[in-house]
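[1] no FASTA, just this:
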């Protein structure tokens, strides 16, 4: 047996308990979502048939479409805001040496530490004072602001890998700094910006406590709150609908994440220690 | 560089700074005002209350219980995740068949919202209809169904285990970043000089991973301390408040019991604790900087 083959066996053997535990909830989600209504409460692992109609039923019964629309709107818009302010922010932190740079780093750190939950009462009070309870746009603004620390962090660690020489060469040829930024730097930074934007999108997509507090009427619920409302404080829970909804809300994001997770190793690994 | 105004970096930073400051500092000011005010159920301020809200919090046995539980919760998850993530990262760092797949599977919980994860576990752990009980019974581990989340003795440990599971991806990610920063030549040199793998691990891997270990501990402490959805979506702090940690207790105080003054005071106490963690983090990172320089 080749050494790599041996290493493979040992690696998978050692990882197997974790792999099984990680995949277990996905199996539960998938199997329950596909069980016929009458079998949901029987904890069997193999449904008698695959009840694909659960998904269509769930879509109607749970108001999935509206919540999906809200989630897409909130995640997309808050990501655009976070990226729009973070790209110049990260560029300045990486390419300029200026007084207050360290203070800004510390400031970002503090915003990162202060999770929304600690501020939620203050935020709610402000929203109430301006009549913004139930306003999806207020949630957009809060998500955007809370994502800034993460996006600046990721972007800066990638910007540091883009050589300065290219921009400097453009200046020597008479390009203004702004022009060099647009024509030379941004095209090179685009992959990093895209990856960061996707992670910011996922953060907003998955957020719970702000949405739970600020969004009080069903019309403005995002997906996590909509699905939570199907479970919390109910006598009968339609678990096959809940699992089908979780699956549909989860799978697209999980696929994109699986595809991009290696960028996190680089971005966070470098950013965390700097 | 001289042809650029020194104000350029400030202009670039300004919009992001203003937005973040606005969303973070303003609520903080609000919390400060509410915490020293008398507040009625409808959130109207009824005058200055001094430190009465803080005193009420500290005198509340629920607070002490939640604080104590938060300590167990945070230490349990942070060190549980650390102990599991280090070997996992070491395994994933070396090449083997299917490594890409293994990485994707282990990172997967990170992609899923904690709310969904918690809801799925709530269903899987259901006493009568849960698939965990049926799986464990089929394997002969259990004789009778266990109502995992409905009894105080099992609910909190199970929540900690879920917490560990969802903390592993981030921790492994930090460690993988650290491992890939260790130059391969160090190990080659050590092998040439006759070092055993264990010696190489103790003398090379561990010391060079120290900064990454420290950072994983501090960042995870902050995230776990703040973590709300796992407990809220599985038990909402029940049965009988037996799984409340500070964040869920805070949420109940503010939005279920309508004690906004006390909830604001508690927020500030938690803010102070978080600031302490942050200072430790800043201290650790700047100390590492000096080491490198």
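    Sure, I can see it. The structure displayed is predicted, hence computed values, not measured ones.

[2] Which residues does the one helix or strand residue A:170 maps to contact?
    In this assignment (DSSP states H and E), residue A:170 forms part of helix A:164-172. If you take C-beta atoms under 8 Å, 6 or more residues apart in numbering or on different chains as the criterion, helix A:164-172 is touched by A:95, A:177, A:179-181, A:183-185, A:188. Glycine gets a C-beta too; all of them are placed from N, C-alpha and C.

[3] in the helix or strand containing residue A:108, what's buried?
    Using DSSP H and E, residue A:108 sits within helix A:101-113. Within helix A:101-113, the residues that qualify as buried are A:104-105, A:107-113, counting by 16 or more other C-beta atoms under 10 Å in any protein chain shown.

[4] cool, stretch B:116-129 as well?
    For stretch B:116-129, by 16+ other C-beta under 10 Å, it's B:116-126, B:129.

[5] Go back to the residues you listed and keep what's next to chain A.
    Restricting the buried residues of stretch B:116-129 to those touching chain A (C-beta under 8 Å from any C-beta of the partner chain) yields B:116-117, B:119-124, B:126, B:129.

[6] Take these and write them to a markdown table, including secondary structure and pLDDT.
    Formatted as a markdown table, these follow (DSSP: H, G, I helix; E, B strand; the rest coil; pLDDT from 0 to 100):
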| residue | secondary structure | pLDDT |
| --- | --- | --- |
| B:116 | helix | 93 |
| B:117 | helix | 93 |
| B:119 | helix | 95 |
| B:120 | helix | 95 |
| B:121 | helix | 95 |
| B:122 | helix | 93 |
| B:123 | helix | 93 |
| B:124 | helix | 93 |
| B:126 | coil | 89 |
| B:129 | coil | 86 |
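
[7] Including distance to residue B:60, could those go into TSV?
    What follows is these, written out as TSV (distance: C-beta to C-beta, whole Å):
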residue	distance to residue B:60
B:116	32
B:117	31
B:119	30
B:120	33
B:121	30
B:122	28
B:123	33
B:124	34
B:126	32
B:129	37
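
[8] Any chance of the buried residues of stretch B:116-129 in a markdown table with distance to residue A:65 as columns?
    Output for the buried residues of stretch B:116-129, formatted as a markdown table (distance: C-beta to C-beta, whole Å):
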| residue | distance to residue A:65 |
| --- | --- |
| B:116 | 18 |
| B:117 | 23 |
| B:118 | 24 |
| B:119 | 20 |
| B:120 | 22 |
| B:121 | 26 |
| B:122 | 24 |
| B:123 | 23 |
| B:124 | 27 |
| B:125 | 30 |
| B:126 | 28 |
| B:129 | 28 |
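
[9] Tell me where chain B has helices.
    Along chain B, counting by DSSP state H, helices occupy B:8-35, B:52-59, B:61-93, B:99-111, B:114-124, B:131-138, B:152-179, B:184-192, B:197-200, B:206-225, B:229-234, B:246-251, B:260-292.

[10] any idea which of the buried residues of stretch B:116-129 is closest to residue B:166?
    residue B:117 (6.1 Å; C-beta to C-beta).

[11] isn't that closest one right up against residue B:109?
    Yes: Residue B:117 lies in contact with residue B:109 (C-beta atoms under 8 Å); the separation is 6.4 Å.

[12] Spit out the residues that contact the two alike.
    residue B:166.

[13] What values do phi and psi take at the nearest residue to residue A:214 once chain neighbours are set aside?
    Once flanking residues are discounted, residue A:214 sits nearest to residue A:139: 5.4 Å by C-beta to C-beta, 6 or more residues apart in numbering or on different chains. For residue A:139, the backbone dihedrals are phi -60, psi -40 (criterion: degrees, to the nearest 10).

[14] what's the spacing between residue A:139 and residue A:75?
    Distance, residue A:139 to residue A:75, using C-beta to C-beta, to the nearest Å: 10 Å.

[15] These two: which is more packed in?
    More crowded of residue A:139 and residue A:75, by other C-beta atoms under 10 Å in any protein chain shown: residue A:139, with 27 against 23.

[16] who touches the residue nearest to residue B:225 when sequence neighbours are not counted in this structure?
    Counting by C-beta to C-beta, 6+ apart, residue B:74 is the residue found nearest to residue B:225 once chain neighbours are left out, at 5.2 Å. Neighbour list for residue B:74: B:221, B:224-225 [criterion: C-beta under 8 Å, 6+ apart].

[17] and residue B:74, what pLDDT?
    As predicted, residue B:74 sits at a pLDDT of 96.

[18] Can you name the residue of the stretch 101-250 of chain B nearest to chain A?
    residue B:177 (1.6 Å; C-beta to the nearest C-beta).

[19] ok, which stretches of the stretch 1-150 of chain A are helices?
    A:3-33, A:53-61, A:64-95, A:101-113, A:116-129, A:136-159 (DSSP state H, counting those that start in this stretch).

[20] Now render those as a markdown table, adding mean pLDDT and distance to residue B:231.
    Shown next, in a markdown table, are the helices of the stretch 1-150 of chain A (pLDDT from 0 to 100; distance: least, C-beta to C-beta, whole Å):
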| stretch | mean pLDDT | distance to residue B:231 |
| --- | --- | --- |
| helix A:3-33 | 93 | 17 |
| helix A:53-61 | 91 | 26 |
| helix A:64-95 | 95 | 23 |
| helix A:101-113 | 85 | 20 |
| helix A:116-129 | 91 | 11 |
| helix A:136-159 | 91 | 21 |
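
[21] Check these for me and report the most buried one.
    helix A:136-159 (a mean of 24; mean count of other C-beta atoms under 10 Å in any protein chain shown).

[22] and residue B:202, how many neighbours does it have?
    Neighbour tally, residue B:202, other C-beta under 10 Å: 12.

[23] Quick check: it vs residue B:92, distance?
    Using C-beta to C-beta, one gets 20 Å for the distance from residue B:202 to residue B:92.

[24] With residue B:225 instead?
    27 Å.

[25] again, but for residue A:149
    27 Å.

[26] what does residue B:232 give?
    Separation of residue B:232 from residue B:92 (C-beta to C-beta): 32 Å.

[27] can you check residue B:250 too?
    37 Å.

[28] pretty sure residue B:120 contacts residue A:247?
    No: counting by C-beta under 8 Å, residue A:247 is not a contact partner of residue B:120; they are 9.3 Å apart.

[29] Give me the common contacts of the two.
    What both residue B:120 and residue A:247 touch, as defined by C-beta under 8 Å, 6+ apart, is the set residue A:29.

[30] so who does residue B:237 touch?
    Contact partners of residue B:237, counting by C-beta under 8 Å, 6+ apart, are B:231, B:243-245, B:248-249, B:252.

[31] Sorry, slip of the keys, the one I care about is residue B:127.
    Neighbouring residues of residue B:127 by C-beta under 8 Å, 6+ apart: B:133, B:145-148, B:150.

[32] Generate the PyMOL command that creates a selection of the buried members of those.
    This is the PyMOL syntax for the buried subset of the contacts of residue B:127, where burial follows 16+ other C-beta under 10 Å:
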select buried, chain B and resi 133+145+146+148
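
[33] Dump the contacts of residue B:127 into TSV; add distance to residue A:130 and pLDDT as well.
    Listed next are these as TSV, based on distance: C-beta to C-beta, whole Å; pLDDT from 0 to 100:
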residue	distance to residue A:130	pLDDT
B:133	49	90
B:145	50	89
B:146	48	90
B:147	45	90
B:148	43	92
B:150	41	90
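
[34] helix/strand/coil for residue A:161?
    What DSSP: H, G, I helix; E, B strand; the rest coil gives for residue A:161 is coil.

[35] quick one: pLDDT of it?
    Note on residue A:161: pLDDT of 83.

[36] count of residues packed around it?
    12.

[37] Quick check: it vs chain B, distance?
    14 Å (C-beta to the nearest C-beta, to the nearest Å).

[38] Residue of the stretch 1-150 of chain A nearest chain B, please.
    Counting by C-beta to the nearest C-beta, the stretch 1-150 of chain A gets nearest to chain B through residue A:122 (2.8 Å).
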